[in-house]
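>>> Let me see the structure of the following:
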Amino acid sequence: MKPVFFYGLFMDQQLLVANGLHPKNPFNASAPNYQLIIGERATLIPSAEETAYGVVMELDEGELLKLYGEASVKDYEPVTIEVINESQQKLLVDTYLLPESKLAGSNPKYAALLVEKLEKRSFPSSYIDKVKAFIK
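Just a heads-up that it's a prediction; the model follows:
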C-alpha cells in the first residue's frame, strides 16, 4: 500500500470503505505551500503562503486506479507532494489534483460537507473558516 493525501469527502474512511476500498492508517496532515480551491470540484493549487489540510491514508495501487478511474474525476492528475504529520514529520505522499485551468463554478454544498469533515477531525479553526468562505 502507498500513502495517499486526501482532502474533501475522501477524508471519510467509512465512505471509502462503503465504496469497496480498504484505507488503512489514516492521520491528519498539512500540505504547506498548497491552497484548497473549491469550484464545481475541489483541488489544491500551489501557493507559497498557504497551507492546506487533509487526511493521509494508505490505499493499494488497484484501489487508487478504481477511485480515480471514475468519470467524475478523470481530469485529476497524480502528483507527489510533501505533507507534515501531527508529529511534525515530513512525508512524501501521492495525491490527485485537478489542473487549475479546469476549475470552474462553485459548489457550496460540497464546501459545507467538507466543513463537517474538517470539524469532525479537529483541523485548525482558521482553516475551517477559509473553507466556509466557499459556502455562498
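>>> residues of stretch 127-136 that come out buried?
Residues of stretch 127-136 classed as buried: 127-128, 130-131, 134-135 (neighbour count, 16 or more other Cβ atoms under 10 Å). Every residue, glycine included, has its C-beta placed from N, CA and C.
>>> any chance of the residues you listed in CSV, plus pLDDT and secondary structure?
As requested, these are exported to CSV (pLDDT from 0 to 100; DSSP: H, G, I helix; E, B strand; the rest coil):
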residue, pLDDT, secondary structure
Tyr127, 96, helix
Ile128, 97, helix
Lys130, 96, helix
Val131, 96, helix
Phe134, 96, coil
Ile135, 95, coil
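>>> now those in a markdown table, with distance to Val4?
Shown next, in a markdown table, are those (distance: Cβ to Cβ, whole Å):
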| residue | distance to Val4 |
| --- | --- |
| Tyr127 | 20 |
| Ile128 | 22 |
| Lys130 | 23 |
| Val131 | 20 |
| Phe134 | 23 |
| Ile135 | 26 |
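>>> got the CA coordinates for the helix or strand hosting Leu118 in PDB?
Assigned by DSSP states H and E, Leu118 belongs to helix 108-120. What follows is helix 108-120, C-alpha atoms only, in PDB (Å, rounded to 0.1, in the frame of the first residue of the first chain):
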ATOM      1  CA  PRO A 108     -21.400  25.400  -1.700                       C
ATOM      2  CA  LYS A 109     -23.000  22.000  -0.800                       C
ATOM      3  CA  TYR A 110     -19.600  20.300  -1.100                       C
ATOM      4  CA  ALA A 111     -17.900  23.000   0.900                       C
ATOM      5  CA  ALA A 112     -20.500  22.600   3.700                       C
ATOM      6  CA  LEU A 113     -19.900  18.800   3.800                       C
ATOM      7  CA  LEU A 114     -16.200  19.400   3.800                       C
ATOM      8  CA  VAL A 115     -16.500  21.800   6.800                       C
ATOM      9  CA  GLU A 116     -18.300  18.900   8.700                       C
ATOM     10  CA  LYS A 117     -15.400  16.500   7.900                       C
ATOM     11  CA  LEU A 118     -12.800  19.100   8.900                       C
ATOM     12  CA  GLU A 119     -14.600  19.800  12.200                       C
ATOM     13  CA  LYS A 120     -15.000  16.100  12.900                       C
END
